[in-house]
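Asks: attaching a predicted model along with its sequence, questions to come.
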Amino acid sequence: MKNKYLSLFLIAGALIALSGCSSASQQLPANQQSSAAATTDTVSAPSSTTVVVPATPSTETAQVAISNFSFNPAQLTIKKGTVVTWTNQDPMSHTVTSQGLFDSGPISSNSIYSFKFDNAGTFDYACTIHPSMKGTITVQ
C-alpha cells in the first residue's frame, strides 16, 4: 500500500512539474525586440550573394548601379563610415575593384557587393573584366 501511495505521489509531482513547462514561444518586450534585431544588417541577392555589415546607429548607405557597362553614379562623394552597395543590373558578371583596398570578385547578374569606407580619401575603382568601366568614391 505504501508503494501505491508513493507511486501516485511521484506521478502527481511529475505532472505538476511538467505543467510549468510550456511549448508556447515567449515574446520579448517591444523595447528588447528592436535592439535584438538591430545587431547586424544583412544584404542579400537572389543569386545567393550575401554580405553582412555590422549595424551601428550612424551607418549611412549609398547605392551604385552597374548597368549598360557603367557605374551609375560614376563619381560619388560620401562621409567616412558609409557603406556603398553596388548592384549588378547587367546580364553578365562585373567586378568592383580598387587596387589594394577592395575586390568584389565576379558579381553575377542581380547580385550585390558592399564595402564600408572608414578612411577619408579618393578611391578609384574599375571592373577588371571590362576595364573601360571606371568609378571614383570620394570619402570626406
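Replies: Here it is on my side, so go on.
Asks: can you list the low-confidence ranges for the chain?
Replies: Along the chain, segments meeting pLDDT under 70 span 1-58.
Asks: one more time with 90, if that's ok
Replies: 1-59 (pLDDT under 90).
Asks: please enumerate the strands of it.
Replies: Listed in chain order, the strands of the chain (DSSP state E) span residues 40-44, 50-54, 61-67, 70-72, 75-78, 82-88, 97-98, 102-103, 112-117, 121-126, 134-139.
Asks: make a markdown table out of the ones you listed and add mean neighbour count.
Replies: (C-beta placed from N, C-alpha, C; glycine too.) Formatted as a markdown table, the strands of the chain follow (neighbours: other Cβ atoms under 10 Å):
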| stretch | mean neighbour count |
| --- | --- |
| strand 40-44 | 12 |
| strand 50-54 | 13 |
| strand 61-67 | 17 |
| strand 70-72 | 17 |
| strand 75-78 | 15 |
| strand 82-88 | 21 |
| strand 97-98 | 18 |
| strand 102-103 | 16 |
| strand 112-117 | 22 |
| strand 121-126 | 16 |
| strand 134-139 | 18 |
